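Enquirer: Coordinates for the following, if possible.
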Amino acid sequence: QVQLEESGGGLVQAGGSLRLSCELSGRSLSAYAMGWFRQPPGKEREFVAAVSWIGTNTKYADSVKGRFTISRDNAKNTVYLQMNSLKPEDTAVYYCNADSRTSTWYHLDGSWGQGTPVTVSS
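Expert: The predicted model follows:
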């Protein structure tokens, strides 16, 4: 049974930066395509970013392109989301997703972590 634990969320002013981490336990991270999603207050969960199994390929939502960077360290079983130039509209609970069964690395519907909240003040 794979488990995911997100960390790194918090309160930051607009224009600031945060780095989120998602550690996978129970199996090797290299078996999973990984991604980050977020759920803003009162809205549905939405895709943020995805990274392929060995980190060769990445994909981003248009709203975060150029500001967020997803990366992975398979040796540490951890995926990261570096968030720069944060905006109030980035306020959300951020979740990571690990999918070992997808054949398309950016189509993720696997296991979820518990989420880490990010609040960006104006």
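
Enquirer: list the contacts for the residue most central in space within the chain?
Expert: In the chain, the centroid-proximal residue (Cα atoms, centre = their mean) is residue 36; its distance is 2.5 Å. Shown in contact with residue 36 (Cβ atoms under 8 Å, 6 or more residues apart in numbering): 20, 22, 48, 49, 50, 70, 79, 81, 94, 95, 96, 97. C-betas here are computed from N, CA, C, even on glycine.

Enquirer: buried ones in the helix or strand containing it?
Expert: For residue 36, the host element (DSSP states H and E) is strand 33-39. Within strand 33-39, the residues scored as buried using 16 or more other Cβ atoms under 10 Å are 33, 34, 35, 36, 37, 38.

Enquirer: Then stretch 18-28?
Expert: Those would be 18, 20, 21, 22, 23, 24, for stretch 18-28 by 16+ other Cβ under 10 Å.

Enquirer: Save the residues you listed as TSV, and put in secondary structure too.
Expert: Converted to TSV, the buried residues of stretch 18-28 look like this (DSSP: H, G, I helix; E, B strand; the rest coil):
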residue	secondary structure
18	strand
20	strand
21	strand
22	strand
23	strand
24	strand
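
Enquirer: from these, which single one is nearest residue 1?
Expert: Nearest to residue 1 among those: residue 24, at 11.3 Å, using Cβ to Cβ.

Enquirer: And that closest one, how far from residue 2?
Expert: To residue 2, residue 24 is 6 Å away according to Cβ to Cβ, to the nearest Å.

Enquirer: cool, residue 103 as well?
Expert: From residue 103 to residue 2 the distance is 18 Å (Cβ to Cβ).

Enquirer: ok, now residue 64?
Expert: 25 Å.

Enquirer: Between the two, tell me which one has more neighbours.
Expert: Using other Cβ atoms under 10 Å, the more surrounded residue of residue 64 and residue 2 is residue 64, with 22 against 15.

Enquirer: Ranking helices and strands of this structure by mean pLDDT, which lands last?
Expert: strand 111-112 (a mean of 94; mean pLDDT, DSSP states H and E).
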